[in-house]
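Q: have a look at this prediction, sequence included:
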Amino acid sequence: MSPDTMIYVKIGGKKYTLPVNPEEIEVSHPHVDKTAEIAGLGEILIPQKPGLREVTFNSFFPGNDDPYVHDYRNPRTLAKAFEKAWKNRTKCRLIIARSIDYDTNMQCVISDWKITDRGGEPDDLYYSVTFREYRSYGVSQMTVVNGTTTAANEPGTNLTAADGALSQRVTVSTTTVREMDSPQMVVGASIALNGVYYSDPEADQEIGTANGDTAALTRIDSGRNAPYYVEGMGWFKTSSVSLVG
């Protein structure tokens with residue numbers, strides 16, 4: 001894994017940068033294809049949409065701010081945040097910004113979380129974690145209205161049949177409730193660019209000016225003077241970047 005790879009986890013509005021990259025990251029899609037038996041043909045495969053992604057890796061929260069640490073935070077603070085999200089089934093967002101043009105950006109929950117204390121390293125906390133993809137979904141709500149005091153031929157009215165019997169009109173309505181994600185400044189987001197861009201995230205050297213350009217956000221380096229990077233252009237300050245849509 002490239003040392004330039006950055007891993008972020010957003011939990012309840014707070015974004016955490018993993019201080020030490022894992023040695024390897026496993027991204028898997030469970031098998032969901034189905035099979036069936038057809039007379040005279042035998043077993044056939046029925047392709048299905050890919051299952052929910054799972055991302056698993058092992059690493060540690062360092063007890064000291066060594067040179068290889070990306071963004072040092074107290075290891076117990078980080079461990080408590082992850083454990084709380086795991087226990088409460090909090091929806092998170094996992095972002096893996098690689099140095100190559102292949103990033104991972106998904107909404108998820110922490111499905112597995114383990115902490116290990118190792119002898120001789122009292123200040124470090126080792127952990128293993130699994131993130132499972134979360135997909136928004138909608139539900140239909142059915143409302144039955146059966147009033148008895150409205151005017152004739154209106155929904156909910158008692159109707160008189162030819163034989164004098166009473167019947168009641170019932171109106172059924174459906175409402176779809178769907179959870180929607182608010183636009184977020186994450187890798188891959190569509191952004192509008194207005195202003196100077198730089199050759200590095202510290203904004204030491206200007207290399208051009210954008211005027212209403214639209215592009216995909218390639219990388220985020222939080223805490224820098226110009227934290228947003230767009231491939232083919234350069235690094236932008238926060239004041240020069242806005243979400244589109």
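A: Noted; the coordinates are in hand. This structure is a prediction, so every number in the text was calculated from the model and none was measured.
Q: three-state assignment of the residue nearest to Thr116 when sequence neighbours are not counted?
A: Computed as C-beta to C-beta, 6 or more residues apart in numbering, the closest residue to Thr116 that is not its neighbour in sequence is Tyr126, at 4.3 Å. Glycine gets a C-beta too; all of them are placed from N, C-alpha and C. Three-state assignment for Tyr126 (DSSP: H, G, I helix; E, B strand; the rest coil): strand.
Q: which elements pack onto the host helix or strand of Thr209?
A: Element membership for Thr209 (DSSP states H and E) is strand 206-216. Where contact means 3 or more C-beta pairs under 8 Å, 6 or more residues apart in numbering; DSSP states H and E, strand 206-216 is packed against strand 190-198, strand 234-236.
Q: just checking, next helix/strand downstream of that strand?
A: strand 219-220.
Q: off-centre distance for that following strand?
A: Offset of strand 219-220 from its chain centre (C-alpha atoms, centre = their mean, to the nearest Å): 16 Å.
Q: ranges for the helices of this structure?
A: 75-88 (DSSP state H).
Q: shaky segments in this protein?
A: 1, 139-183, 245 (pLDDT under 70).
Q: in it, which residue is closest to the centre?
A: What sits nearest the mean C-alpha location of the chain, by C-alpha atoms, centre = their mean, is Gln107, with 2.0 Å.
Q: pretty sure Met6 is touching His70, no?
A: Yes - Met6 lies in contact with His70 (C-beta atoms under 8 Å); the separation is 6.6 Å.
Q: for Thr209, which non-adjacent residue is closest in space?
A: Closest to Thr209 by C-beta to C-beta, 6+ apart is Val196, at 5.3 Å.
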